[in-house]
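Trainee: Only the shape, not the letters, is given here:
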């Protein structure tokens, strides 16, 4: 095998290896994200009715709840809003309160 062919083969193998490593890393990140977003239970969070400019919604500031803390984290990782199980959730600007509204 010529030096050029050997060099090209090694470059190719290195590129494939780098691609495989990148795919594995992305897979792990997505798997972790999916698991984390499923680990909070909205029924374990204290909600109270509130009235907003767009109508009634539920609001929570249940800082003692581990589920609420995970919800806050998930909201922060998803642009301060997300949908789950027929509800739309959002994080208020103060970062300590969450609103939710049943989706139509």
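Mentor: Arrived safely. Nothing here was measured: the structure is a model prediction, and the numbers come from that model.

Trainee: Low-confidence ranges, the protein, go.
Mentor: By pLDDT under 70, the low-scoring segments of the chain are 28-29, 31-38.

Trainee: can you map out the strands along the protein?
Mentor: Here the chain has its strands, by DSSP state E, at 48-52, 55-60, 81-84, 87-91, 98-102.

Trainee: Now distance to residue 27 and mean neighbour count too, for these, in TSV please.
Mentor: For every residue, glycine as well, the C-beta is placed using N, CA and C. Shown next, in TSV, are those (distance: least, Cβ to Cβ, whole Å; neighbours: other Cβ atoms under 10 Å):
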stretch	distance to residue 27	mean neighbour count
strand 48-52	39	10
strand 55-60	33	15
strand 81-84	21	13
strand 87-91	26	17
strand 98-102	30	17
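
Trainee: Nearest to residue 1, out of these?
Mentor: Residue 1 sits nearest to strand 81-84 of all these, at 54.0 Å, using Cβ to Cβ.

Trainee: strands paired with the closest one, and their directions?
Mentor: Using DSSP bridges, the strands paired with strand 81-84 are strand 87-91 (antiparallel).
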